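1. My questions concern the predicted model and sequence given below.
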Amino acid sequence: MNITVVGTGYVGLVSGTCLAEIGHSVTCVDIDEDKIKRLEKGEIPIFEPGLDALVLSNVRVGRLKFTTSLPDVIDKTDVIVIAVGTPSRPDGHADLQYVYAVAEQIGQNLKKYTAIVNKSTVPVGTGKEVEDIIRKNYSGEFSVVSCPEFLREGSAVEDFMKPDRVVIGARDDRAAQVLLEVFKGIRGEKLVTTVESAELIKYASNAFLATKISFINEIAQICERAGADIEEVAYGIGLDSRIGPRFLKAGIGWGGSCFPKDVEALDQMAGMYGYDFKLLSAVIEVNNDQRKHFVAKVMEHFEGKLTGKKIAILGLAFKGNTDDIRESAAVDIVRMFAENGADVSAFDYEATKNAQRALEGVAVRYAEDPYDCVNGADVVVIATEWPQFIELDWAKVARLVANPVIFDGRNLFQPERMREHGLTYISIGRNGEFGDQKS
Ligand code: UGA
């Protein structure tokens, strides 16, 4: 099939490339000329494992093309995927101006039946609005479909190729059939729903996952007070197949470009429908508190005074395997430590440049490698779950630091392993008020 993807951000580029990989002829459209030129040369603007190779191979065989002009390709396309950004407005509502602008352009240029697929995360009712905008300028046949994405940064290609489910929110059977054909090459359950249900499935999924994490972080608080071990508790509850083991990792909380924005937007959306979503407000509050508790713990270790203390922060990205620092708990705690007078050094495998930009004006030494980062530190803080941190030479870290104290905000280690290196290891929700310090 001929598919046009509008927007070459994270969702658009991954979706377009993967649709090409399963055999479709795909054109990705973006108004950013420079970005399109770079993509044509095979330069990928984001860090996503496996994506660059896939872009290159599909460009080489001619299944993946890039352009800045939707009108130039619209006649030849069977399906248009809208994958433009929906950032949060200051009031928490999703900003839909980019989605509306694409709908306007589609309406002005459409000449034959086309399935218009919305992949951007949009509030319930947006599918209908997109339909109305197109209808203003085009009286022929078309269908608007909601097909939300469930890609995680860092494993987006695999998530697209091997999804748990593909949700197709269609108003008519013709559109549903077109979309089933689009995803024919992908295994995983295909669920056809109404447009509105599909739109809500996206928000409800992210909100539920964020709730799971905030829930386990609150249980971690209880563990610390009650002397229980959060890793054992999470494992124990996760064995119940009704709960499941995933997204039960306690830590300094969730961040990224999706959970904070979508949880907030769902909370706002509920309000618009006259419903007070009490649980979600608490989920957000718990998440904000989690990073503050963590910083407070480090401060407590220094008896409230961080001035001049050398704090080495391992990790800046909002999670491992990404260069994304949006709403990153790690960046937040860097800021909090620096504001409290600490002498902060920081290291990340991919996110340093982005963090530098976000932390402009904040005094941070950006280290070349993890060992450089921890050199002479009074405390080492693990803030991002990069798998490489697990493989570090921790005996070497113990030799390099001024004081052998690790605060692990991501529970990456078995406490015994760190103790073997003579490190005092303090983590989240394990063994008493101060993590593992007491045992
Ligand atoms: C999330 C969803 O997982 C995807 O399904 C969804 O498609 C995507 O948002 C989106 O809406 O576009 P992503 O933002 O890439 O994906 O990140 P996650 O892997 O879900 O992690 C989110 C945050 O939760 C990270 O800060 C991570 O450190 C944290 N987390 C995750 C935990 O603290 N504990 C866990 O057990 C899991």
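-> Perfect, thanks for sending it. Numbering: from 1, shown residues only.
2. Dump the C-alpha coordinates for stretch 310-325 into CSV.
-> Extracted as CSV, the C-alpha positions of stretch 310-325 are listed here (Å, rounded to 0.1, in the frame of the first residue of the first chain):
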residue,chain,number,x,y,z
LYS,A,310,30.7,16.5,45.6
ILE,A,311,27.7,14.6,44.2
ALA,A,312,28.3,12.5,41.1
ILE,A,313,25.1,11.7,39.2
LEU,A,314,25.1,8.7,36.9
GLY,A,315,22.3,9.2,34.3
LEU,A,316,20.4,12.2,33.0
ALA,A,317,18.0,10.6,30.6
PHE,A,318,14.4,10.0,31.8
LYS,A,319,15.2,6.3,31.5
GLY,A,320,17.9,4.1,30.0
ASN,A,321,18.5,3.6,26.3
THR,A,322,17.4,7.1,25.2
ASP,A,323,18.8,10.6,24.8
ASP,A,324,15.5,12.1,26.0
ILE,A,325,15.5,14.2,29.1
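3. partners of the residue lying closest to Val364 once chain neighbours are set aside in the sheet?
-> Of all residues not flanking Val364 in the chain, Val344 sits nearest, at 4.9 Å (Cβ to Cβ, 6 or more residues apart in numbering). Every C-beta, even on glycine, is put in place using the N, C-alpha and C of the backbone. Taking DSSP bridges as the rule, Val344 bridges to Ile311, Val364.
4. wait, Val344 sits on Tyr366?
-> No - Val344 is beyond contact range of Tyr366, at 9.8 Å (criterion: Cβ atoms under 8 Å).
5. neighbour-wise, which of these two wins?
-> Val344 (28 against 17; other Cβ atoms under 10 Å).
6. mind checking pLDDT for that one?
-> Turning to Val344, the model gives it a pLDDT of 98.
7. Next: the one 3 residues further on.
-> Predicted confidence (pLDDT) for Phe347: 98.
8. related to what we said a few turns ago, quick one, what contacts the residue nearest to Val364?
-> Applying Cβ atoms under 8 Å, 6 or more residues apart in numbering, we find Val344 in contact with Ile311, Ala312, Ile313, Val334, Phe337, Ala338, Ala363, Val364, Arg365.
9. Which of these sits closest to Ile237?
-> Ile313 (30.5 Å; Cβ to Cβ).
10. If we go by neighbour counts, what in the one helix or strand the closest one maps to is buried?
-> Taking DSSP states H and E as the criterion, Ile313 maps to strand 310-314. By neighbour count on 16 or more other Cβ atoms under 10 Å, the buried set for strand 310-314 is Lys310, Ile311, Ala312, Ile313, Leu314.
11. Looking at those, which is nearest the ligand?
-> Taking Cβ to the nearest ligand atom as the measure, the ligand sits nearest to Leu314 out of those, at 13.9 Å.
12. For that closest one, which non-adjacent residue is spatially closest?
-> Here the residue nearest Leu314, using Cβ to Cβ, 6+ apart, is Ile382, at 5.0 Å.
13. Roughly how far does the spatially most central residue of the chain sit from the ligand?
-> For the chain, the residue nearest the mean C-alpha position is Gly256 (4.3 Å; Cα atoms, centre = their mean). Using Cβ to the nearest ligand atom, to the nearest Å, one obtains 4 Å as the distance from Gly256 to the ligand.
14. Helices of the stretch 151-300 of the chain, start to end?
-> For the stretch 151-300 of the chain, applying DSSP state H, counting those that start in this stretch gives helices covering 156-161, 173-182, 195-226, 230-238, 259-272, 278-301.
15. Check which helices and strands the shortest one sits against.
-> In this case it means helix 156-161. Here helix 156-161 touches helix 10-21, helix 51-60, going by 3 or more Cβ pairs under 8 Å, 6 or more residues apart in numbering; DSSP states H and E.
16. What number of residues are in the vicinity of the nearest residue to Ser143 once chain neighbours are set aside?
-> Closest residue to Ser143 apart from its sequence neighbours, by Cβ to Cβ, 6+ apart: Ala175 at 3.4 Å. Counted with other Cβ under 10 Å, residues neighbouring Ala175 total 24.
17. shouldn't Ala175 be in contact with Ala115?
-> Yes - assessed by Cβ under 8 Å, Ala175 is found in contact with Ala115 at 5.2 Å.
18. what is in contact with the two at once?
-> The contact lists of Ala175 and Ala115 share Ser143, Val145, where a contact means Cβ under 8 Å, 6+ apart.
19. before we move on, back to that, now, the most widely separated pair of the contacts of Val344?
-> Pairwise over the contacts of Val344, using Cβ to Cβ, the maximum falls at Ala312 and Ala363, 14.3 Å.
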